[in-house]
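Novice: What shape does this take:
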Amino acid sequence: MVSATATLAAGTTSSNVALAGSGEAVLVYNATGVLAFIRFGMDATVVATSADMPIPPGARMLIHAGEFSKTVAAVLASGSGALYFSRGQGTVY
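Specialist: Residues are numbered from 1 along each chain as shown. Just a heads-up that it's a prediction; the model follows:
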């Protein structure tokens, strides 16, 4: 069950957004045509690099981020575009 969705306008420099809603699971959707790298954190200082978790272009991935993750950062391999982070409970999407 999805609680809320946060949208991140990503580019080749790391940016972050506060996760909306509650729950331990985050469904990540990479709506771009390039590889994205993401990192979860507890505050707005979190920064993503190309050494972090890759999310393929056009893919979605369900991640157990934990209840203490409050922020997510992302960086793209090239270009710019949107990533969506839907927080909630469960293991099925």
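
Novice: neighbours of Ala18, just the number please.
Specialist: Applying other C-beta atoms under 10 Å, we find 12 residues neighbouring Ala18. (Each C-beta comes from the backbone N, C-alpha and C, glycine too.)

Novice: Going forward, count from 26.
Specialist: Will do, 26 is the new start, and the previous item becomes Ala43.

Novice: ok, now which ones touch it?
Specialist: Ala31, Ala69, Lys95, Thr96 (C-beta atoms under 8 Å, 6 or more residues apart in numbering).

Novice: In contact with the closest residue to Ile63 other than its chain neighbours, which residues?
Specialist: Leaving aside its sequence neighbours, Ile63 sits nearest to Ala99 (C-beta to C-beta, 6 or more residues apart in numbering; 4.8 Å). Ala99 makes contact with Leu33, Ala35, Ser39, Ser40, Asn41, Ala61, Phe62, Ile63, Arg64, Ala73, Leu108 under the criterion C-beta under 8 Å, 6+ apart.

Novice: how about 10 Å then?
Specialist: Going by C-beta atoms under 10 Å, 6 or more residues apart in numbering, Ala99 touches 33-36, 39-42, 53, 55, 57, 61-64, 71-73, 77-78, 80, 106-108, 110.
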